[in-house]
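**Student:** Build me a structure from this.
(chains A and B)
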Amino acid sequence: MELIREAQAGSRAAFDALVRQYEQQVLRLALHLTGSEHDAEDIYQEAFLKAFRYIGNFRFECSFYTWIYRIVTNLCLDQLRRKKTRREDQAVVVDQSGDEIDMLASVSDNRSFSNPAKELDRKVLGDRIQAALSKLTPRERMVFELKHYQGLRLRTIGEMLNTTEETAKNTLFRATKKLRTQLAGLR
Amino acid sequence: MNCELAHERIVLAAYGELPDEQVHELDRHLAACTDCSQEREQLLALKTLAKAYPVVEPDPNFVARSRMRLEESLDALPPKRWYERLGQRITNNFANLQAAPAGVVLLLIVGAGAGTLGGYEYAAARTAHNATAAAASQSKITAQPSDTPTEIANISSIEREPNSEIIHVTYNQLVPQHIQGSLDDPSIRQLLMLASENATSQGVRDDSVGLLAAECRAGHACQGEGIRDALMVALRYDKSEAVREKALEGLQPYVAEDMRVRDAVLEALLNDSDPRIRTAAISVLEPVEADTSVRQVLSTVANSDHNPHIRTVSRQVLSRAPVIQ
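**Tutor:** Below is the predicted model of the structure:
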């Protein structure tokens, strides 16, 4: 708490200490979500610059970890959305809760996975998983990432994404359903 | 339970988010429904598959490169101008005052009241006269002599005279005061809560958190007045182990009924730097050790905590959980 207060009072050394405390987690999340060191570094950069600029607004109502993660997840969502809009032949609709639904991603595509007997090494399998994850909507991708890979509670995920626990739960449900369809041939 | 609901609950159960009573209900449904059983197997298979794209720790060179670039960007930011710094200080002070509005109002009322009544001597005489008759619920306040150094609370306005170097600054001062009263007195409680967060002296924070924690343990109206929140903030952020330990003790009675308290204790178990507090957190969690989220955290600690004693204690608690269920 002292460190945060000192950083709020303008201490650069205190802010640097906070950066060192959280940078590993921030980079790990951004790297796994974007799959690119370049994008992860940009997100890291922008997240901590924002944190530096707005640390005075931190009110200790949640943990600092949740606050910094909220900034990072917003930047990652922007990045995932930009990637999505660059993708060709995509049909995206917005559902009632404001979530994007990728119509194509929900259609099963077994062509490339039609030979289950083929032995896939871990690298190829990892690429397939990454490809399936990239077909989720940015929000689904984010909820799945935070729950499955980062092990956060749905309530915390809801707080980070400015939504309710119930919406986070439904988004996780949709994400797992889509992933199962995408990866059906791999089991 | 219908199959659609079961499918949703299978996902929640797989990620440790399903309440225990619903887990039993789901198990009963799965025992009787082949389709839903397959659904669960498919989901577990997905979880296994997803491990093929693991989360990797960033390369140290990559971390160092990113930090260097960040430091360059921070260095390149123009230094904040004096009015920006002042604005920030005012905002921070205001936020601090916001954290205990009743305390602030109390201080202002006290200042105005003491002045109206004719100053320190009258107030002191009145306090002395009433001291012996002070009831537990009645708090007494005295002002310090007027030559006592005061602190600036906030700046109300700043104006510069046109074409001159003269600046008019309107500000409010905090006048040192003394108050006495029962622990049940809301004014005393507000001040203790303020002290638990803002006191620069560890001793003051220790005393205030200790008193608030004792109130909570004794079950004296520890809800709805922010005392629990103050203890959770102390547990999460206070740099003194003694203060965090007292906060944890104060939160113990509420770990079963308040999910926010449970989350704060789980965070302490995972992240606190002091092994004694992590061990104490395990004991605090014992009444709810059968809860899914608690079991998940205990299992993480049992497998990966660097302290062997904590790993052993977590395993012991985990091994007792099914018996309790």
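**Student:** Can I get the helix or strand containing B:Val301 in CSV? Just the C-alpha atoms.
**Tutor:** B:Val301 is located in helix B:292-304, with elements delineated by DSSP states H and E. Once side chains and other backbone atoms are set aside, the C-alpha atoms of helix B:292-304 remain, and they are given as CSV (Å, rounded to 0.1, in the frame of the first residue of the first chain):
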residue,chain,number,x,y,z
THR,B,292,-14.7,-25.6,-3.9
SER,B,293,-12.7,-22.4,-4.2
VAL,B,294,-11.0,-23.0,-0.9
ARG,B,295,-10.1,-26.5,-1.9
GLN,B,296,-8.7,-25.3,-5.2
VAL,B,297,-6.4,-22.7,-3.5
LEU,B,298,-5.4,-25.2,-0.8
SER,B,299,-4.5,-27.7,-3.5
THR,B,300,-2.4,-25.1,-5.3
VAL,B,301,-0.6,-24.2,-2.1
ALA,B,302,-0.2,-27.9,-1.2
ASN,B,303,1.5,-28.5,-4.5
SER,B,304,3.5,-25.4,-5.2
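**Student:** Next SSE downstream of that helix?
**Tutor:** Moving toward the C-terminus from helix B:292-304, the first helix or strand encountered (DSSP H and E) is helix B:308-324.
**Student:** what angle do that following helix and helix B:292-304 make?
**Tutor:** Computed by axes from the mean of the first three to the mean of the last three C-alpha atoms, to 10 degrees, the angle separating helix B:308-324 from helix B:292-304 equals 140 degrees.
**Student:** Show me what helix B:308-324 is packed up against.
**Tutor:** helix B:275-285, helix B:292-304 (3 or more C-beta pairs under 8 Å, 6 or more residues apart in numbering or on different chains; DSSP states H and E). All C-beta atoms are positioned from the backbone trio N, CA, C, and that covers glycine.
**Student:** Reformat these as a markdown table; add mean neighbour count.
**Tutor:** What follows is these, written out as a markdown table (neighbours: other C-beta atoms under 10 Å in any protein chain shown):
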| stretch | mean neighbour count |
| --- | --- |
| helix B:275-285 | 19 |
| helix B:292-304 | 18 |
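**Student:** With respect to chain A, which of the ones you listed lies nearest?
**Tutor:** Ranking those by distance to chain A, with C-beta to the nearest C-beta as the measure, places helix B:292-304 first at 6.8 Å.
**Student:** Mind jotting down where the helices sit in chain A?
**Tutor:** With DSSP state H applied, chain A shows helices at A:2-8, A:12-34, A:37-54, A:64-86, A:122-134, A:138-144, A:154-160, A:165-182, listed in chain order.
**Student:** want to try JSON lines for the ones you listed, with distance to chain B and mean pLDDT as columns?
**Tutor:** As requested, the helices of chain A are exported to JSON lines (distance: least, C-beta to the nearest C-beta, whole Å; pLDDT from 0 to 100):
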{"stretch": "helix A:2-8", "distance to chain B": "5", "mean pLDDT": "87"}
{"stretch": "helix A:12-34", "distance to chain B": "4", "mean pLDDT": "93"}
{"stretch": "helix A:37-54", "distance to chain B": "5", "mean pLDDT": "94"}
{"stretch": "helix A:64-86", "distance to chain B": "8", "mean pLDDT": "88"}
{"stretch": "helix A:122-134", "distance to chain B": "4", "mean pLDDT": "85"}
{"stretch": "helix A:138-144", "distance to chain B": "9", "mean pLDDT": "94"}
{"stretch": "helix A:154-160", "distance to chain B": "5", "mean pLDDT": "91"}
{"stretch": "helix A:165-182", "distance to chain B": "5", "mean pLDDT": "93"}
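**Student:** ok, and for the helix or strand hosting B:Leu191, which residues are buried?
**Tutor:** Secondary structure assignment for B:Leu191, by DSSP H and E: helix B:186-198. Across helix B:186-198, burial judged by 16 or more other C-beta atoms under 10 Å in any protein chain shown covers B:Ser187, B:Ile188, B:Arg189, B:Gln190, B:Leu191, B:Leu192, B:Met193, B:Leu194, B:Ala195, B:Ser196, B:Glu197, B:Asn198.
**Student:** Helix or strand next in line after that helix, which one?
**Tutor:** Following helix B:186-198 in sequence, per DSSP H and E, is helix B:202-217.
**Student:** Show the pLDDT at the closest residue to chain A within chain B.
**Tutor:** Chain A sits closest to B:Tyr237 of chain B, with a gap of 3.2 Å, by C-beta to the nearest C-beta. Here the pLDDT value assigned to B:Tyr237 is 86.
**Student:** show me the contacts for it.
**Tutor:** With contacts defined as C-beta atoms under 8 Å, 6 or more residues apart in numbering or on different chains, the neighbours of B:Tyr237 are A:Met1, A:Ile4, A:Phe60.
**Student:** Fine by me, thanks again.
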